[in-house]
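1. sharing a model prediction with you, sequence too.
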Amino acid sequence: MVATPLLRPPSAGWRSLGSTLHTRPAGPAKSSLHTKIAQVTSGKCRYFSTSVSKWQTDTLDRTRNIGIIAHIDAGKTTTTERMLFYSGFTRRIGDVDEGSTVTDFLPAERARGITIQSAAITFHWPPGEGAEGRQIDCDPKLPKSAVSHTINLIDTPGHADFTFEVLRSLRILDGAVCILDGVAGVEAQTEQVWHQASTYQIPRIIYVNKLDRDGAAFGRTVREVSSRLAVYPAVCQIPWFEGGNGAFVGVADAINLQGLRYKLGDDGRSVKMLSLEQLEVEEPPLARELRNARVALVELLSEKDDAIVEEFFECDENHLAVSSMAIISSLRRCVLDQSSQVIPVFAGASFRNMGVQPLLDSVVNLLPSPPESPDPEVSIGGVTGGLRRLLSGDLILEQTEKASAPVKGKKKKKTTALADPRDAISKLQSCALAFKVVNDPKRGVLVYVRVYSGSLDRHSLLFNTNLHLSERAPRLLKMYANQAVEVDSIPAGHIGVVVGLKHARTGDTLLSYAGNKPTPPEPLTSLQLRPIDVPPPVFFTSVEPHSLSEEKRMHETLALLLREDPSLHVSIDEESGQTLLSGMGELHLEIARDRLINDLKAKASMGQIEISYRETGLGASNVVTKIFDKEVAGRRGKAGCTAVVEPIDDRDLSEVADEDTLLAETVEGNQIVIRAPGLQVERSSRNDEEASPLLPPGLEVSSLRAALQNGALAALARGPQFTFPMHNTRTTLTVNPEEHLFGSDTTTSALSAAARQATSAALRDLLSGPGTVMMEPVMNVIISVDEASLGSVVHDISSSRGGHIISLDEEVPLSATDASNTPIEDAARPIDPKRVYAPPDPFESPSIGNDVPTAVSRPRTITAKVPLKEMVGYLKHLRSLTAGRGTFVMSVDRFENMSTPRQKAVLAELRGGF
Ligand SMILES: Nc1nc2c(ncn2[C@@H]2O[C@H](COP(=O)(O)OP(=O)(O)OP(=O)(O)O)[C@@H](O)[C@H]2O)c(=O)[nH]1
């Protein structure tokens with residue numbers, strides 16, 4: 001599978017693998033592969049181009065948008081650094097432990113040695129000009145890695161606190177490399193990220209790293225892949241331990257039937273290649289195992305792919321005679337067709353510079369190009385489907401039918417004639433997803449985008465469908481880690497950066513369209529690419545400026561932080577005036593603190609990190625009316641409204657809404673319904689900005705709605721009894737035009753103030769009536785332990801921590817972290833490790849070689865629901881219960897009402913200091 005070594009005659013000499021030599025050889029001779037792997041012709045392919053800024057769409061098939069996913073510390077950054085080095089991108093290998101890597105370029109990341117931001121880096125493999133180069137016809141009999149490809153690599157973070165960041169990186173990938181730690185095997189978080197990748201149907205290959213470490217067990221890890229990730233591992237390489245159980249010196253390649261021995265202590269560019277025959281002389285046990293691996297590989301592929309069966313018969317049913325190209329093609333088909341459940345597995349030790357070039361070849365050979373990846377999901381006008389279907393007109397047709405179908409039990413709403421949505425779709429020039437916003441100290445705010453259709457051109461007007469505003473794209477860049485090249489356009493399938501956008505945030509969809517209108521034609525305004533739910537924040541901390549004069553700057557910096565990371569929330573406590581920053585985990589907030597204070601230089605300090613509790617009503621309030629009548633900033637403002645606050649029932653929001661409803665939306669766990677009887681707003685009309693004759697001049701429906709919503713949200717940020725934000729409530733605001741609007745005195749700020757006062761009054765009414773209760777975040781926790789510690793961990797969770805055990809050894813998706821509600825296909829059945837080929841590990845007893853781990857060390861998975869409070873500092877405790885082997889991941893399940901004694905105990909603790 002190694003392009004360069006595969007393509008050269010196996011010889012016992014040391015070869016240089018790297019950027020200097022790329023010859024184009026002849027394809028392998030089919031008939032006698034096991035005796036003669038490849039022949040080399042002297043014909044050379046040159047991959048030169050003159051322009052690096054030209055992004056040709058016709059070279060899209062030579063582009064790979066991939067990510068590296070793994071458990072924390074599995075070696076993502078170390079592997080990425082080697083990739084950059086071998087591709088000629090860097091001159092020396094960066095070291096995570098020294099803090100000199102290219103990808104972890106934030107000071108906070110360098111200091112902690114962990115990856116926080118997913119940086120996008122472009123490089124070429126094999127070294128050359130990548131997809132920008134002149135189109136060269138390559139022999140289809142050669143692997144794709146014979147020609148230089150452009151690889152856009154997204155480095156995803158590994159810590160559970162950054163799940164949201166992992167998700168938003170995942171959704172723009174066409175393929176992924178999953179790195180496993182060869183000592184730790186498949187860990188809880190690997191499973192979590194694996195399932196998230198399954199949600200987006202991302203084709204994957206696996207790389208088992210750290211095989212140089214004591215205790216590394218490639219075979220055991222392969223078996224865990226089958227049992228824990230529920231896929232068939234296609235072992236493409238096996239580790240080469242000197243003399244069978246000595247030092248890790250390289251890999252034996254089951255595709256090309258050769259051994260790759262690296263020079264110890266070297267930078268990994270010198271590799272000795274040995275044919276199977278040579279291995280038989282020099283390392284007979286390894287040669288024997290390599291034959292086993294080849295047989296198992298061909299057998300596995302034959303179960304899933306008919307084409308290789310034919311090839312196998314042509315080779316007289318000789319597993320060793322099947323050509324390496326046939327195997328590569330078969331593996332590629334299986335990787336792209338995820339129903340095969342086949343995942344190729346590779347081996348290496350990135351830190352020792354072993355195994356990374358063959359891995360890069362596999363990225364090019366096996367992972368899909370953008371056009372080969374699954375149709376990206378979009379939502380438009382309440383309908384979801386694939387972007388390609390939308391562009392072909394199929395999806396929107398469904399929407400038109402759905403919109404005109406009568407709603408059960410309701411009279412049909414009056415609608416204006418809808419223009420054919422296909423006309424609107426035909427006006428779409430480009431559609432891109434902003435997947436990352438980074439504040440670069442030199443270049444300003446960089447918005448990383450993945451373009452999905454058309455071509456995003458410099459100076460084009462981009463409509464942001466999340467924020468409903470347009471902004472121009474003054475400059476476009478292609479990023480090489482922290483270096484940039486200016487470009488004129490970013491075509492579909494590519495990743496680039498827009499500089500100079502003032503509003504776009506991570507996760508926003510950006511459109512360019514034909515025509516000079518300020519907004520695109522309906523229903524394009526609602527088009528969203530791969531929408532993703534932001535989980536509710538469960539920790540918070542206060543942020544205080546050092547002085548009053550610093551306050552403005554602090555808020556600007558916070559706003560930037562929120563553009564970068566929308567899973568952070570900022571709110572102001574109305575009464576104390578304190579600024580509160582909330583996030584998904586303790587580490588999440590600590591990193592935010594680092595970013596704010598150390599990187600963005602805000603002169604502010606942060607308080608302690610605390611759990612973010614909530615408050616909810618135990619019944620409905622009375623209807624409360626408030627008329628706001630006051631001078632604001634020298635101008636009279638008068639407006640009124642009524643409010644009712646009640647707990648959410650199980651009615652759907654669409655059932656709550658009627659013809660008088662201007663808005664029915666769930667924001668941060670609370671539903672807001674805004675009604676204006678008789679306003680005669682044509683809601684189903686596509687012109688929401690339409691002024692109503694009942695509205696004072698200058699006041700539009702959209703601004704009335706926004707003002708009322710903001711007012712209600714401000715009031716709901718503070719519960720009447722415990723001052724925690726309200727949760728699980730529905731607030732219905734009603735504006736009666738005749739009673740609550742007062743001509744030109746009714747300004748948006750007066751409306752907002754009236755809504756806030758009415759909601760606050762309804763909350764107080766709730767307190768004097770049915771009362772309120774505290775709610776706490778309850779986590780969905782998945783714990784991985786050995787059989788031996790199962791009992792003590794289960795006991796600890798259920799008795800000392802007040803948790804409920806949901807299941808043992810069953811995959812339960814982490815609700816808040818799973819991107820959609822679509823069932824996870826592969827969460828179903830683990831594959832019996834006995835049916836899977838895995839080479840024996842050094843020191844492994846032959847009797848258990850192919851067996852499941854022994855009873856005491858059998859991995860067990862506990863799924864439980866536990867209050868977050870009881871999970872603070874849990875890792876340390878788990879480690880002590882499991883002799884250091886247990887791991888866990890968690891995500892918010894929901895907020896639950898607290899019992900009176902628990903509420904009392906928590907309040908006493910909070911008052912006494914957390
Ligand atoms: N012995 C050995 N150590 C390795 C290998 N690869 C990585 N390491 C070490 O493992 C540690 C973690 O490596 P990283 O590359 O930072 O891992 P990561 O997956 O990027 O971690 P996060 O960025 O925190 O998610 C570092 O100390 C590396 O030096 C390897 O092949 N062998």
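-> Ah, there it is.
2. buried ones in stretch 438-450?
-> For stretch 438-450, a neighbour-count test (16 or more other CB atoms under 10 Å) marks 438, 439, 443, 445, 446, 447, 448, 449, 450 as buried. Every residue, glycine included, has its C-beta placed from N, CA and C.
3. in which helix or strand would I find the spatially most central residue of the chain?
-> The chain has residue 167 as the residue nearest its centroid, 1.6 Å off, counting by CA atoms, centre = their mean. Assigned by DSSP states H and E, residue 167 belongs to helix 163-170.
4. so is that helix next to the ligand?
-> No: applying CB under 6 Å from any ligand atom, one finds helix 163-170 separated from the ligand by no less than 10.0 Å.
5. just the CA coordinates for that helix, please, in CSV.
-> These are the backbone C-alpha positions of helix 163-170, laid out as CSV (Å, rounded to 0.1, in the frame of the first residue of the first chain):
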residue,chain,number,x,y,z
THR,A,163,-17.3,17.1,21.7
PHE,A,164,-19.2,19.9,20.1
GLU,A,165,-16.0,21.0,18.4
VAL,A,166,-15.4,17.4,17.2
LEU,A,167,-18.9,17.3,15.8
ARG,A,168,-18.6,20.5,13.9
SER,A,169,-15.3,19.4,12.4
LEU,A,170,-16.6,15.9,11.6
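6. now it: average pLDDT?
-> The average pLDDT for helix 163-170 rounds to 74.
7. and the contacts of whichever helix or strand comes after it?
-> Next helix or strand after helix 163-170 toward the C-terminus (DSSP H and E): strand 175-181. For strand 175-181, contacts defined as CB atoms under 8 Å, 6 or more residues apart in numbering pick out 64-71, 73-76, 79, 170, 186-187, 190, 193-194, 197, 202-210, 221, 225, 335, 359, 363, 366-368, 373.
8. domains of the chain?
-> What automatic domain parsing lists as the domains of the chain is 5-372, 377-529, 539-611, 619-770, 774-910.
9. can the last one be found next to the ligand?
-> No: with CB under 6 Å from any ligand atom as the threshold, domain 774-910 lies outside contact range of the ligand, at a closest distance of 13.7 Å.
10. would you mind measuring the gap between the ends of that domain?
-> 13 Å (CA to CA, to the nearest Å).
11. how far out from the middle of the chain is it?
-> Put simply, domain 774-910 sits 22 Å off its chain's centre (CA atoms, centre = their mean, to the nearest Å).
12. mind listing the helices for the stretch 601-750 of the chain?
-> Applying DSSP state H, counting those that start in this stretch to the stretch 601-750 of the chain gives helices spanning 653-656, 701-716, 737-740, 748-768.
13. how about the first one: buried residues?
-> Pointing back at helix 653-656 there. Buried, per 16+ other CB under 10 Å, within helix 653-656: residue 656.
14. ok, the buried residues of stretch 438-450 vs the ligand, which is closest?
-> Taking CB to the nearest ligand atom as the measure, the ligand lies nearest residue 438 of the buried residues of stretch 438-450, at 16.6 Å.
15. hmm, that closest one is touching residue 479, no?
-> No: the pair residue 438 / residue 479 is not scored as a contact, 9.5 Å apart, by CB atoms under 8 Å.
16. ok, now which ones touch whatever residue of the stretch 651-800 of the chain ends up closest to the ligand?
-> Residue nearest to the ligand within the stretch 651-800 of the chain: residue 784 (17.7 Å; CB to the nearest ligand atom). For residue 784, the contact set (CB under 8 Å, 6+ apart) comprises 187, 188, 191, 859, 860, 861, 886, 887, 888.
17. hang on, the third one is in a helix, isn't it?
-> Yes: Residue 191 sits within a helix when classified using DSSP: H, G, I helix; E, B strand; the rest coil.
18. ok, for it, nearest residue in space, not its chain neighbours?
-> Residue nearest to residue 191 in three dimensions, not counting chain neighbours: residue 228, with 5.8 Å by CB to CB, 6 or more residues apart in numbering.
19. make sure that neighbour is indeed in a strand.
-> No: Residue 228: not assigned to a strand; according to three-state DSSP it is helix.
20. okay, it and residue 93: tell me how far apart.
-> According to CB to CB, to the nearest Å, residue 228 stands 32 Å off from residue 93.
21. the more surrounded of these two?
-> residue 228 (24 against 18; other CB atoms under 10 Å).
22. what residues does the more buried one make contact with?
-> 186, 191, 830, 859, 861.
23. swap in residue 776?
-> Contact analysis of residue 776 by CB under 8 Å, 6+ apart lists 611, 613, 614, 867, 868, 869, 895, 896, 898, 902, 906.
24. try 10 Å this time
-> When contacts are counted by CB atoms under 10 Å, 6 or more residues apart in numbering, residue 776 touches 538, 611-614, 724, 867-870, 895-898, 902-903, 906.
25. sorry, back to before: overlap of the contact sets of residue 438 and residue 479?
-> Contact criterion CB under 10 Å, 6+ apart; residues shared by residue 438 and residue 479: 119, 120, 446, 448, 497.
26. quickly list what residue 777 is bridged to.
-> Counting by DSSP bridges, residue 777 forms beta bridges with residue 895.
27. the contacts of residue 776, buried ones only, as a PyMOL selection?
-> Selection of the buried residues among those in PyMOL, burial being defined by 16+ other CB under 10 Å:
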select buried, resi 538+611+612+613+614+724+867+868+869+870+895+896+897+898+903+906
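28. measure the nearest residue to residue 276 once chain neighbours are set aside to the ligand for me?
-> Using CB to CB, 6+ apart and skipping residues adjacent in sequence, the residue nearest residue 276 is residue 257, 4.7 Å away. Noted for residue 257: a distance of 25 Å to the ligand, by CB to the nearest ligand atom, to the nearest Å.
29. quick check: which element contains the residue of the stretch 651-800 of the chain closest to the ligand?
-> Counting by DSSP H and E, residue 784 is part of strand 772-786.
30. which of the contacts of strand 175-181 count as buried?
-> The neighbour-count test (16+ other CB under 10 Å) marks 64-71, 73-76, 79, 170, 186-187, 190, 193-194, 197, 202-210, 221, 225, 335, 359, 363, 366-368, 373 as buried among the contacts of strand 175-181.
31. the helix holding residue 167 to strand 175-181, inter-axis angle?
-> Angle, helix 163-170 to strand 175-181, by axes from the mean of the first three to the mean of the last three CA atoms, to 10 degrees: 140 degrees.
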